[in-house]
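Chemist: sequence unknown, structure follows:
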């Protein structure tokens, strides 16, 4: 039970990151490799604001700063690195994204050094509550609850508002959307901004679980969240949530069994390969026929 | 008589000349130990870059797991090499371990080629990345391979660079001749337009698997070289970041250009080693920073649509300069035939543009200049 709740809250974090990947992929048709490093930047922002004597109130303030920084970074990378390459081959865009990821990591390493820096988010002070004979960490429950709220809000935003529907239109057919009077460049920038804001939330939740900041903090969760997005079907918002939660639960269960815990990463990536082989579009992805 | 043209042999000339120069220096006693080990690193970097170029440049698929194949080669070959040393000495042990490490890595390359048949582009890239990490995680947890502590290995000695360069020449030979062959043209047809290639009867399945296997083979060979150049094989060296470094070499050298891969591999390895030795540890992060900037700028320069006029202009300038320095020779029949026989595809046909109605262009609407109809 405890493992399940921990898995769900980790899955919630993955789902938040995966949403950033999947929205950008759906709308800009590119894999934003640097997304994981935006989380890292957010985590450093939180570190700078709250340091070691953090409490929950300060964490909330730090979250605002992190959102601001992440959104700025997201928009900046889109403007400087990705927009000039719009219309170029997907391979070129992907390699640039990898370059941006590398760049952010090395800047963080230059500024903050490569050693891990401890952060206290005040999550530990929340303690735990007994539930059906097990102890559940309040921070896990909080993460899970907030993740559900954010994801619901995002779904409503995309489905019900004008801008949300414009985003759907752009992801469906960029040319037709621009003919309908939608400013596609604005929508793409907005998508990056939303994805980056989600990354800031993910950074705070991540630090509540593992309170250490390093320059490579974002890369493994980033890759795993991308895996989650692909498993769920990239471009699909419910798919990203499903994939993220699935992956988080699997990870926590693998880690609770000592014999297989060293192989956790291998099992997760193995799942990715199997799912892609069986269903190349992911669990909830739509099949799109390739046209000649 | 067949005419010998410089550009057909330039790759061998560069590598062979460098090797001869360094051997001469070595015999004169002017080659330092640290330089010899740097040369070995350059040698296997060239092997890695040229072989990755087969996948990225010729087949047109992005592979982010090249370090994973090197990892397989390093561990399998390393174990074999160290087991055989007591029986038959270092040279024979290494010569046996090299092909074995390569073949095992090629088998894994074949395995990774299987998903490549159903996936492409970003999806395939992420699968190769996942594959590389799986290989690393599994090897890391095998006691047979030394577990998390790494695999202790015996150093081959300072003359390893000769072998490394010889193998680099072999790699270049294989890629260059593969490219010129009928098979190479089929592979490039797959890169330019897979559906068109399939329609023309190219066996896409077969060629994708072959390219992945060959590239993995050479990565495995490079891994064995690495294992025999160090005293401890550690799996952390083969992380995703190393795959990216190899990719940077390929991208900087120009995707599809063997000479470019060679030169940029040598240059970047040289810079990396000199930077890590010469810089204080606080500034060690400069190195990935430099890598990242090179990667972004190189890709932008080559691909950004808005830089195209500038690119064309520069290209013309260089051509004009070359014509002034080397007066343009009258192309006689035999020369043209030789060129055609070498390149075989004199102009790259933009198959995508001809056959596809589904290519991505900038769709921003411009009322003054109506676009052509799309879709």
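Modeler: Arrived safely, thanks for sending. Computed from a prediction, not measured in an experiment: that's the story for all the values here.
Chemist: from here on, just use CA atoms for contacts and neighbour counts.
Modeler: Noted.
Chemist: what average pLDDT does stretch B:320-332 get?
Modeler: Across stretch B:320-332, pLDDT averages out at 65.
Chemist: please read the previous query as pertaining to stretch B:29-36.
Modeler: Per-residue scores along stretch B:29-36 average to 78.
Chemist: which elements pack onto the host helix or strand of residue A:92?
Modeler: Taking DSSP states H and E as the definition, residue A:92 sits inside helix A:90-112. In this structure, helix A:90-112 makes packing contacts with helix A:35-50, helix B:286-303, judged by 3 or more CA pairs under 8 Å, 6 or more residues apart in numbering or on different chains; DSSP states H and E.
Chemist: most tightly surrounded among those?
Modeler: helix A:35-50 (a mean of 27; mean count of other CA atoms under 10 Å in any protein chain shown).
Chemist: which neighbouring elements make contact with that one?
Modeler: Helix A:35-50 packs on helix A:2-28, helix A:56-77, helix A:90-112, helix A:184-209, strand A:212-213, helix A:219-232, going by 3+ CA pairs under 8 Å, 6+ apart.
Chemist: low-confidence stretches in chain A?
Modeler: A:1, A:52-55, A:121-136, A:285-292 (pLDDT under 70).
Chemist: quick one: contacts for residue B:58?
Modeler: Applying CA atoms under 8 Å, 6 or more residues apart in numbering or on different chains, we find residue B:58 in contact with B:179, B:184, B:187, B:188, B:191, B:255, B:256.
Chemist: can you tell me the closest non-neighbouring residue to the closest residue to chain A within the stretch 151-300 of chain B?
Modeler: At 4.6 Å from chain A, residue B:292 is the closest residue in the stretch 151-300 of chain B, using CA to the nearest CA. Sequence neighbours aside, residue A:99 is the residue nearest to residue B:292 in space, at 4.6 Å (criterion: CA to CA, 6 or more residues apart in numbering or on different chains).
Chemist: any chance of the helices and strands packed on helix A:90-112 in JSON lines, plus distance to residue B:85?
Modeler: Supplementary listing: these in JSON lines, determined by distance: least, CA to CA, whole Å:
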{"stretch": "helix A:35-50", "distance to residue B:85": "45"}
{"stretch": "helix B:286-303", "distance to residue B:85": "37"}
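Chemist: right, and those helices - which one's nearest residue B:207?
Modeler: In terms of CA to CA, the element of these nearest to residue B:207 is helix B:286-303, at 26.7 Å.
Chemist: packing partners of the closest one?
Modeler: Using 3+ CA pairs under 8 Å, 6+ apart, the elements in contact with helix B:286-303 are helix A:90-112, helix B:240-253, helix B:258-278.
Chemist: so after that helix, what's the next helix or strand?
Modeler: Using DSSP H and E, the helix or strand that follows helix B:286-303 in sequence is helix B:308-325.
Chemist: quick one, that following helix and helix B:286-303 angle?
Modeler: 90 degrees (axes from the mean of the first three to the mean of the last three CA atoms, to 10 degrees).
Chemist: what residues of helix B:308-325 count as buried?
Modeler: Buried residues in helix B:308-325, counted by 16 or more other CA atoms under 10 Å in any protein chain shown: residue B:311.
Chemist: check what contacts it and list those residues.
Modeler: Contacts for helix B:308-325 (CA under 8 Å, 6+ apart): B:301, B:302.
Chemist: for stretch A:247-262, same thing?
Modeler: A:3-4, A:6-12, A:14, A:228, A:264-265, A:268, B:137, B:141.
Chemist: let's see that with 10 Å instead.
Modeler: A:2-15, A:224-225, A:227-229, A:231-232, A:241, A:244-245, A:263-269, A:271-272, B:137-138, B:140-141 (CA atoms under 10 Å, 6 or more residues apart in numbering or on different chains).
Chemist: ok, of the residues you listed, which come out buried?
Modeler: For the contacts of stretch A:247-262, buried by 16+ other CA under 10 Å: A:2-3, A:5-15, A:224-225, A:227-229, A:231-232, A:241, A:244-245, A:263-269, A:271-272, B:137-138, B:140-141.
Chemist: tally of neighbours for whichever residue of the stretch 101-250 of chain B sits closest to chain A?
Modeler: The minimum distance from the stretch 101-250 of chain B to chain A, using CA to the nearest CA, falls at residue B:134 (4.4 Å). The number of residues packed near residue B:134 is 22, by other CA atoms under 10 Å in any protein chain shown.
Chemist: in a helix, it, correct?
Modeler: Yes - under DSSP: H, G, I helix; E, B strand; the rest coil, residue B:134 sits within a helix.
Chemist: list the contacts for the closest residue to it other than its chain neighbours?
Modeler: Among residues not flanking residue B:134 along the chain, residue A:266 sits closest, at 4.4 Å (CA to CA, 6+ apart). Residue A:266 sits next to A:260, A:272, B:130, B:131, B:132, B:133, B:134, B:135, B:136, B:137, B:138 when contact means CA under 10 Å, 6+ apart.
Chemist: and the two most separated of the residues you listed?
Modeler: Pairwise distances across the contacts of residue A:266 peak at 18.8 Å for A:260 and B:132 (criterion: CA to CA).
Chemist: of these two, which one has the most company?
Modeler: In this comparison of residue A:260 against residue B:132, neighbours counted by other CA under 10 Å, the higher total goes to residue B:132 at 29 against 13.
Chemist: the more buried one contacts residue B:111, doesn't it?
Modeler: No - the pair residue B:132 / residue B:111 is not scored as a contact, 11.6 Å apart, by CA atoms under 10 Å.
Chemist: so what's residue A:4 up against?
Modeler: By CA under 10 Å, 6+ apart, the contact list for residue A:4 reads A:10, A:11, A:248, A:249, A:250, A:252, A:253.
Chemist: ditto for residue B:80
Modeler: B:74, B:93, B:94, B:96, B:97, B:98, B:100, B:101, B:224.
Chemist: how does it look with 7 Å?
Modeler: Residue B:80 is in contact with residue B:97, counting by CA atoms under 7 Å, 6 or more residues apart in numbering or on different chains.
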